[in-house]
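Engineer: give the three-dimensional model of this entry:
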Amino acid sequence: MLPEKNRIDLEKKAADIKKKLPFKPIKTIDQALRYSLALSG
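Structural biologist: Here you go, the predicted model:
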């Protein structure tokens, strides 16, 4: 997960890094919590 405002930084990264690591831009703590719980469940 990374803050939505850092999405532009992710877009600048090499494609091979993005393929190996899943990135999820989030805007709120609620989104982070829901995403984290979905992964664990």
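Engineer: any idea how far Glu11 is from Pro3?
Structural biologist: Distance of Glu11 to Pro3, computed by Cβ to Cβ, to the nearest Å: 14 Å. No exception for glycine: its C-beta is placed from N, CA and C like everyone else's.
Engineer: out of those two, which sits in the busier spot?
Structural biologist: Pro3 (12 against 8; other Cβ atoms under 10 Å).
Engineer: can you name the next helix or strand after the worst-scoring helix or strand of the chain on mean pLDDT?
Structural biologist: Across the helices and strands of the chain, mean pLDDT, DSSP states H and E gives its lowest value to helix 15-20, namely a mean of 77. Downstream of helix 15-20, the next assigned helix or strand under DSSP states H and E is strand 25-26.
Engineer: check the offset of the very next helix or strand once past that next one from the chain's centre.
Structural biologist: Counting by DSSP H and E, the next helix or strand C-terminal to strand 25-26 is helix 29-40. Distance of helix 29-40 from its chain centroid, counting by Cα atoms, centre = their mean, to the nearest Å, is 11 Å.
Engineer: and the contacts of helix 29-40?
Structural biologist: Helix 29-40 is contacted from outside by 1, 24, 26, using Cβ atoms under 8 Å, 6 or more residues apart in numbering.
Engineer: just the buried residues of those residues.
Structural biologist: Ile26 (16 or more other Cβ atoms under 10 Å).
Engineer: quick one: low-confidence residue ranges for the protein.
Structural biologist: For the chain, applying pLDDT under 70 flags the ranges 14, 41.
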